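**Student:** what shape does this take:
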Amino acid sequence: MAYISHFHHNKRHYVDWWLLILIVILMCYGLIVLYSAGGWILVKKQIIRLALGMIVMLFLAQLKPEKLAGITPWLYFATVLLLVAVLVFGYESKGARRWLKIGIRFQPSELAKLTIPLVLAWFYRYRILPPDFKSIIISFILLLLPAYLIYKQPDLGTSILVVVSGVFVLFLAGLSWKYIIGGIVVATSVIAPLMWNFFLKDYQKRRVLTFLNPESDSLGSSWNIIQSKIAIGSGGLFGKGWQNGSQTQLDFLPEHSTDFILSVLSEEFGLMGVILLLLIYMAIIFRGLYIASQAKDTFNRLFTGALTLTFFVYLIINAGMISGLLPVVGVPLPLVSYGGTSIITLMASFGMIMSVYNHRKLLKS
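**Tutor:** Alright, predicted model coming up:
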């Protein structure tokens, strides 16, 4: 394909303004809630991280998708090596070995959330779709290697998200939902007993048991979810008002600036505040899916769609987790929870999505 000369010589900066404006609105809303949950010190640190993420996003938005495709295999190998390095000499905190210290503390499992959709989209770039059995097996090998390394840290939540992001690529490549759901049912029925007896840590088993019976240990393992439900329920329709949430301000609600920040929002802004947040998220997700639909080739369509749908899954898991509909797996609320590497990863994914839309006119259709 030839480049259209006008665009080839155009040096302007590429930005998808719709996506950028929606992301900034989400960030501002998140900072308002974070100020109530954790105070000005956390807000200042979060602003620095969001600004860093914005720089990464705008940089990647300028990168032509074909260049991204060219470096994708190297990114995958680098991710696997970093995940092995974590298990060998990673930094340990709270019983988990998930970080490398390279000047700053860095979590390579976050990088896998980007590289898995990329490498599978790259793998199907020139293959006939829908994928055949051999291609699916190779895809699962590419997918399960990093997922297993992440699980060993242990980080079950991120390993599940990595698998989900890969499954989305297979779905977008044309694999029927019937096969995907059938595979999940078979895998669950066969693997679940093995996971429970041989692989799950004690704290992970407690999380599952707490999910099944939240009142079983109200002052112990069930405390988080019980306090979260109280916060959500007490918010009512319009909430108690900003900085007036008793569960948050009196420190009944744990992890209220990270995993359970949606509970803070529910208590202080009520159902209407949560609906507003969900509308912002939905607008971002629809924009991402629209960009995927405008992609000119398989690679761009697959990774853009998969990254957008994975962003949607983060939201579903966090909302389900804090309301007791899903077990607690430590998945932050995207761009709202206080965090470091996860913010950079999300902003990088939006940068790559922008790149697909920004450079779509460079190719003759």
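**Student:** which stretches in the stretch 151-300 of the chain count as helices?
**Tutor:** In the stretch 151-300 of the chain, the helices defined using DSSP state H, counting those that start in this stretch lie at 156-172, 177-194, 202-212, 223-235, 246-249, 261-294, 298-322.
**Student:** I'd like the ones you listed laid out as CSV, including mean neighbour count.
**Tutor:** Every C-beta, even on glycine, is put in place using the N, C-alpha and C of the backbone. As requested, those are arranged in CSV below (neighbours: other C-beta atoms under 10 Å):
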stretch, mean neighbour count
helix 156-172, 23
helix 177-194, 11
helix 202-212, 15
helix 223-235, 20
helix 246-249, 20
helix 261-294, 20
helix 298-322, 23
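**Student:** and of those, who's closest to residue 18?
**Tutor:** Of all the helices of the stretch 151-300 of the chain, it is helix 261-294 that lies closest to residue 18, at 5.6 Å by C-beta to C-beta.
**Student:** sorry, back to before: lowest average pLDDT across the helices of the stretch 151-300 of the chain?
**Tutor:** For the helices of the stretch 151-300 of the chain, the bottom mean pLDDT is recorded on helix 202-212, which sits at a mean of 69.
**Student:** still on that earlier bit, distance to residue 33 for the helices of the stretch 151-300 of the chain - can I get that in JSON lines?
**Tutor:** Output for the helices of the stretch 151-300 of the chain, formatted as JSON lines (distance: least, C-beta to C-beta, whole Å):
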{"stretch": "helix 156-172", "distance to residue 33": "22"}
{"stretch": "helix 177-194", "distance to residue 33": "34"}
{"stretch": "helix 202-212", "distance to residue 33": "25"}
{"stretch": "helix 223-235", "distance to residue 33": "12"}
{"stretch": "helix 246-249", "distance to residue 33": "10"}
{"stretch": "helix 261-294", "distance to residue 33": "5"}
{"stretch": "helix 298-322", "distance to residue 33": "13"}
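**Student:** and of those, who's closest to residue 255?
**Tutor:** Among these, the nearest to residue 255 by C-beta to C-beta is helix 223-235 (7.0 Å).
**Student:** so which elements touch the closest one?
**Tutor:** Contacting helix 223-235 under the criterion 3 or more C-beta pairs under 8 Å, 6 or more residues apart in numbering; DSSP states H and E are the following elements: helix 246-249, helix 261-294, helix 298-322.
**Student:** same thing but 7 Å
**Tutor:** helix 246-249, helix 261-294 (3 or more C-beta pairs under 7 Å, 6 or more residues apart in numbering; DSSP states H and E).
**Student:** export these to TSV and tack on distance to residue 184?
**Tutor:** Converted to TSV, those look like this (distance: least, C-beta to C-beta, whole Å):
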stretch	distance to residue 184
helix 246-249	35
helix 261-294	22
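**Student:** test my guess that residue 68 contacts residue 352.
**Tutor:** Yes - judged on C-beta atoms under 7 Å, residue 68 makes contact with residue 352 at a distance of 6.4 Å.
**Student:** no further questions, thank you.
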